[in-house]
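Novice: Need coordinates for the below:
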Amino acid sequence: MAKITNYIPEPKEEYDVDNQRQIMESLNTMKQQLNFSFQQDLKNEQDAFNYFLSWAYNTKMHLRY
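Specialist: Numbers count the residues shown, from 1 in each chain. Below is the predicted model of the structure:
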C-alpha cells in the first residue's frame, strides 16, 4: 500500500498567486508520489507471484522423483 507524506498549504482568505502555485505544486508532487508508489506496488506484487510460481514448479518437480 502506498504511503506518502506531503504538505499542502492552507489557502489564504484572499486570492494570492504564490499561494495557489504552492498548492498546485504540492498536489502535483502528491500525484507523482502516488503514481510512483503504485507502480512499485505492482512490481512487488508481480515479483511475489513469480517467486511463488517458481517455488511451486520446483516443489512439484522434486515430488515426481
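
Novice: And the helices in the protein?
Specialist: 17-64 (DSSP state H).

Novice: Under the pLDDT cut-off, which ranges of it? List them.
Specialist: 1-2, 60-65 (pLDDT under 70).

Novice: could you measure the residue positioned nearest the centre of it against Phe49, distance?
Specialist: Residue closest to the average C-alpha location in the chain (C-alpha atoms, centre = their mean): Ser37, at 1.5 Å. Per C-beta to C-beta, to the nearest Å, Ser37 is found 19 Å from Phe49. C-betas here are computed from N, CA, C, even on glycine.

Novice: do Glu13 as well
Specialist: On the measure of C-beta to C-beta, Glu13 and Phe49 end up 52 Å apart.

Novice: Between these two, tell me which one has more neighbours.
Specialist: Ranked by neighbour count (other C-beta atoms under 10 Å), Glu13 and Phe49 place Phe49 first, with 10 against 6.

Novice: list the contacts for the more buried one?
Specialist: Residues near Phe49 by C-beta atoms under 8 Å, 6 or more residues apart in numbering: none.

Novice: ok, it to Asn58 distance?
Specialist: 15 Å.

Novice: now do Arg21
Specialist: In terms of C-beta to C-beta, Arg21 sits 55 Å off from Asn58.

Novice: for Asp18, same thing?
Specialist: Asp18 is 60 Å from Asn58, by C-beta to C-beta.

Novice: ok, now Ile8?
Specialist: Distance from Ile8 to Asn58, by C-beta to C-beta: 49 Å.

Novice: Next: Lys43.
Specialist: 22 Å.

Novice: How about the contacts made by Met30?
Specialist: Contacts of Met30 by C-beta under 8 Å, 6+ apart are 4, 6, 8.

Novice: Swap in 6 Å and give it another go.
Specialist: By C-beta atoms under 6 Å, 6 or more residues apart in numbering, the residues touching Met30 are Asn6.

Novice: Restricting to C-alpha, output stretch 36-47 in CSV.
Specialist: Output in CSV follows, covering the C-alpha atoms of stretch 36-47 (Å, rounded to 0.1, in the frame of the first residue of the first chain):
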residue,chain,number,x,y,z
PHE,A,36,5.5,6.0,-8.5
SER,A,37,4.4,4.1,-5.4
PHE,A,38,1.6,2.4,-7.3
GLN,A,39,4.0,1.2,-10.0
GLN,A,40,6.3,-0.1,-7.2
ASP,A,41,3.5,-1.9,-5.6
LEU,A,42,2.6,-3.6,-8.9
LYS,A,43,6.2,-4.7,-9.4
ASN,A,44,6.4,-6.1,-5.8
GLU,A,45,3.2,-8.0,-6.3
GLN,A,46,4.4,-9.4,-9.6
ASP,A,47,7.7,-10.4,-8.1
